Each structure stands twice: as structure tokens, then as C-alpha cells.
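Chemist: Build me a model from this:
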Amino acid sequence: MMDAEATDEQRYPTLSAEGRQMLQRLREHPHAPLYRNQSGNRLLADEVAKVRAFEDAVQSASIDWTQDRPPAWLSDFAAQIFRAVPHYRALGSAPASFEDIASVSRADLSADIAAFVADSAPLDRMMNFRTSGTSGHPLLLASHPVVAASYLAFHKRALRRFGITLLAGAGEVGVVLLGMQRKCFTYVSVTPTMNEAGLAKINLHPDDWREPADRALYLNDLRPEVLAGDPISFTELLTLGMTWKPRALLCTSMALLPGLRTRLESTFECPVLDLYSMNEAGPIAVFDPAVGGHVLLQNRMFVEILDENDRRAPAGGRGEITLTGGFNFCLPLLRYRTGDFASLDCSGPEPVLLGFSGRPPVRYRSADGAWLNNIEVTHAFRNLALPQWSMHQAADGAITLLHAGGASAEDDIRSILERLFGPVPLRIGALPADGDKFVQYTSDLADPAA
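Modeler: Model (predicted):
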């Protein structure tokens, strides 16, 4: 939330003298970047206590439902949504069967977001977030300071899975969020539930710094406990020569290849967590190599795997990840289609998303006429340290692969694609460095749906 007209007292209602010193340090450090925006936690004293209690509850909560045995709260939640959310209230009462509720998508929210905001949402405390995504449906999302602060509960739950309990407190920097774009929202803040540990969102693009070398000097001096970013910003981080070793890296927004994960873990000597998170729902799951998939994080989120007709996929079947519940009380979700695909394994102690793939699957045609799923391309790239790529097949079969891995990766990419597809026309180039989002896999072939 951008609030350039607000004062520090409004941005940080519980700010102490130590917290103010932290903000000053982050902003006025001799190697600090150009901070282009201002934002704050907005938490009132009673809300800080509420968020702390929520964090404690999330750490000990279990997720023990299955597709055939939904959570006990599901029916009451659906009935409440049909009473309290305009879109559903206009449809009448909730169907007797949960599975008869029609799903909604990002396009529905984009068309009329107000219809999906709960009547009980406190308008005087509401925050709005804009998100573009890659689906062609930009969103203005309703949220609240308590909701924004509650993300940390699920990050802590994910970190605890890897044996990490956050320790940063007063006078220390807890988290630095990394971007790598020509234009990036950047700001400083403090985290009240961590005794005002510092928080900063920075852009690693050299244009935001007086000197490129300041990037490593700033991070080395801040000594953040955790760094959060995406494969693009982490790839840039690898070039800085930073000597500080954070306790963990949190990777969000894009697919993280095992090759890049291995390089990051080796360089920074800490776990790299691959989080499945989205603005509409917050942190949903974290990848755990021990179970081979993304383990769900939210105890008040029910996940279904649906086909195009709103039917649940059979056990182990792939389909669209669809969400019900969540912790954003301004924007409760009811059978919300994410646009992401996976299968769901409920055979163990907790539900796990297997074979996760952002956006619908696409198939490609090789030189001999055989069809290949886009997931096969991702698997073939697994040992490359590619932060980002897009692949398109034209109607004549020619393939264009654009990537952000640098010129040194081109030979390996060409070799892999030639093994997969045979002698098809192939063009490999660099992704535009403009920070825009894009659809990773596309095709002009007839019937490309996998």
C-alpha cells in the first residue's frame, strides 16, 4: 500500500524510540539505496497482540483433511459466505452440497472486486493492493493491516519445517525483500511482532544505487536474518560478492529450478525455501524435497483439484488448484481457481501438492510428431541455474526460447531442446530486461492443451 501523504506515526502507530532508530538506519545508511516509496505496518497495539496470538495458533495447527473428508468448518464457512458476501448473497442460499457451488476465477474478481468483499470488512482500515499477474486480468485486492502482518505466521511455519525459528528482534534486521526490476516498489519498515526488527524492500537494479558496489556493502552491514526474493533477484544476488550468510532464503513468485536452488544453498550455506504464494491467498505451500512436493501451510484453507467442469479430479489426478477459506477476512475465498495446476496427495500426515505447475499445461510437438508436455521441458532444465525463461512454439513447429540465464547457458539450453524435440527450427535469445511478467509456456499449434 502506497501512503506517501501519511506520517511515520500513522504508518507505524506503535513505533518506539528503538524502532525509529532502525528506520533512520535503514534510510540514511551511507550505502543505502534510493527508496522510492513509503509504507508501514499500520498495526494498532491491540492488533499487534492479535497477530502474535495468530502466529502461535498457526504454528501448532494441524491440517488433517482429505478430499473425501473435508475439514469440519467447511459447510459453516460456505453458508456464512453466502450470507455475508454480495456476489454469493445474490445467488440465494448455499447449495446443499459444497461441490455444487460454482467456482470463480481471477477474471470474476477483476470484473467486480467489490462484490467479493465481505460486508464485515472494516472500510476505515482497508488496504488495497494492485497486482498484474500473467493472466490478463489485473486485480485490485482488498486487505487489512492485520492480514498483511499475518503472512509472517505462515513464513514461520514454513521455516520451522526446516528447523529454523526466527530470532531477530530490536536493533536487528529481520527480513530484506529483494527485487530486480527497472521500476520497483521500495520502502523501509519495522515488524512489531518481532520487537520492531527492521524490514526493507530493496531493488538490486544498479539504477537504484549510487554505486553498484553499495548493494553488497549495504546487505553485509544490515546482516538480515532472512532474504526473500524470486529467482531473478537471487541470481543477481549471486553476482554481488555479498559475504553475509542469512539463515534462510525465501523464494516466491516464479518456478525455482533445482540447479539454481543448489547453487544458492552452496553459496549462502543455508536452506532455500520455495514458497507457493499468491496475492489473493498469501502463502499456500512450501516445497519439501523430503516428500517431493509442496506441503500446505494454511490450516483454514481447503484445497481442491478441479477439472474444467468443477468436478474434483480422481485421487492422484491433475487439475486446477482451487482454494476455499484463507486468512484474509476482507476477501474470503470460495472455490477460487488459481490458474495453477498440480495433483494432491492426501496419503500422508498432511496434504501435499505434487507436480506443481503455474498456469495451464501446454504440449509441444517434436520433429517426429510426438507430443511433449511442458513439464517435461521443466524437468529437462532441472540442473540448469536458469532464473527465468519462456518458450513458444509457432504453428510451423519452430521453437523460441527466451531466458535470463546469460550467454553461458545457451549451449546447454540448445543441447537439451535438441535432444527433446529433434531437428526443429530453434531460436534462443535473452528475455527483455524490463521486469514485466509473462506466460512461461505458449503455443500456436492447434489443440495445444496438455
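
Chemist: Can you list the strands that the least confident helix or strand in the chain by mean pLDDT pairs with?
Modeler: Using mean pLDDT, DSSP states H and E, strand 127-131 stands out as the lowest-scoring helix or strand of the chain, at a mean of 77. Paired strands of strand 127-131, with direction, are strand 139-143 (antiparallel) (DSSP bridges).

Chemist: Distance from the chain centre to the strand it pairs with, please.
Modeler: 15 Å (Cα atoms, centre = their mean, to the nearest Å).

Chemist: quick one: buried residues of it?
Modeler: Leu139, Leu141, Ala142, Ser143 (16 or more other Cβ atoms under 10 Å). Any C-beta I mention is one placed from the backbone N, CA and C, and that applies to glycine too.

Chemist: Alpha carbons only: can I get that strand in CSV?
Modeler: Provided in CSV are the C-alpha atoms of strand 139-143 (Å, rounded to 0.1, in the frame of the first residue of the first chain):
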residue,chain,number,x,y,z
LEU,A,139,-6.6,-7.1,-9.8
LEU,A,140,-7.2,-4.5,-7.0
LEU,A,141,-7.3,-6.7,-3.9
ALA,A,142,-8.9,-5.8,-0.6
SER,A,143,-6.8,-6.3,2.6
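
Chemist: List the contacts of it.
Modeler: Outside of strand 139-143, the residues within contact range by Cβ atoms under 8 Å, 6 or more residues apart in numbering are 1, 106, 109-110, 113, 117, 121, 126-131, 133, 279-280, 328, 330-331.

Chemist: what helices or strands is the following helix or strand past that strand leaning on?
Modeler: Counting by DSSP states H and E, the next helix or strand C-terminal to strand 139-143 is helix 145-161. Other elements packing on helix 145-161 under the criterion 3 or more Cβ pairs under 8 Å, 6 or more residues apart in numbering; DSSP states H and E are helix 45-60, strand 127-131, strand 248-251, strand 272-278, strand 282-288.

Chemist: neighbouring contacts of the least confident helix or strand of the chain?
Modeler: So strand 127-131 is contacted by 1, 42, 138-145, 147-148, 279 (Cβ under 8 Å, 6+ apart).

Chemist: and if you look at stretch 305-316?
Modeler: 67, 99, 102-103, 304, 317-322, 335, 337, 342-346.

Chemist: Buried by neighbour count, from these: which ones?
Modeler: 67, 103, 304, 318-322, 335, 337, 342-346.

Chemist: Show me the two of those residues that sit farthest apart.
Modeler: Ser103 and Asp345 (21.6 Å; Cβ to Cβ).

Chemist: ok, which stretches of the stretch 201-350 of the chain are strands?
Modeler: 226-229, 248-251, 272-278, 282-288, 293-296, 301-306, 319-325, 333-345 (DSSP state E, counting those that start in this stretch).

Chemist: Tell me how many other residues crowd the closest residue to Ala102 other than its chain neighbours.
Modeler: Spatial nearest neighbour of Ala102, chain neighbours left out: Asp310 (6.5 Å); criterion: Cβ to Cβ, 6 or more residues apart in numbering. Taking other Cβ atoms under 10 Å as the criterion, the count of residues near Asp310 is 16.

Chemist: now Gly429
Modeler: Neighbour number of Gly429 under other Cβ under 10 Å is 10.

Chemist: sec struct for it, please.
Modeler: Put simply, Gly429 is strand when judged by DSSP: H, G, I helix; E, B strand; the rest coil.

Chemist: wait, what's in contact with it?
Modeler: Here Gly429 is in contact with Thr400, Leu401, Leu402, His403 (Cβ under 8 Å, 6+ apart).

Chemist: in the sheet, who's paired with it?
Modeler: If you apply DSSP bridges, the partners that Gly429 bridges to are Leu402.

Chemist: Do a quick rundown of the helices in the stretch 1-150 of the chain.
Modeler: 8-11, 17-28, 45-60, 74-84, 86-89, 106-111, 145-161 (DSSP state H, counting those that start in this stretch).

Chemist: I'd like to know which of those helices lies nearest to Asp208.
Modeler: helix 17-28 (13.6 Å).

Chemist: just to revisit the earlier point, closest one of the contacts of Gly429 to Val175?
Modeler: Looking across those and measuring by Cβ to Cβ, the closest to Val175 is His403, at 28.8 Å.

Chemist: measure that closest one to Leu237 for me?
Modeler: From His403 across to Leu237, the span is 18 Å (Cβ to Cβ, to the nearest Å).

Chemist: likewise Asp76?
Modeler: From Asp76 to Leu237 the distance is 45 Å (Cβ to Cβ).

Chemist: which one of the two has more residues nearby?
Modeler: Leu237 (22 against 10).

Chemist: The more buried one and Gly229 touch, don't they?
Modeler: Yes. Leu237 lies in contact with Gly229 (Cβ atoms under 8 Å); the separation is 7.2 Å.

Chemist: what's the domain layout of this structure?
Modeler: Split into domains by automatic domain parsing, the chain comes to 8-296, 363-443.

Chemist: Just give me the lowest mean pLDDT stretch among those.
Modeler: Of all these, the minimum mean pLDDT falls on domain 363-443 (a mean of 88).

Chemist: Off-centre distance for it?
Modeler: 23 Å.
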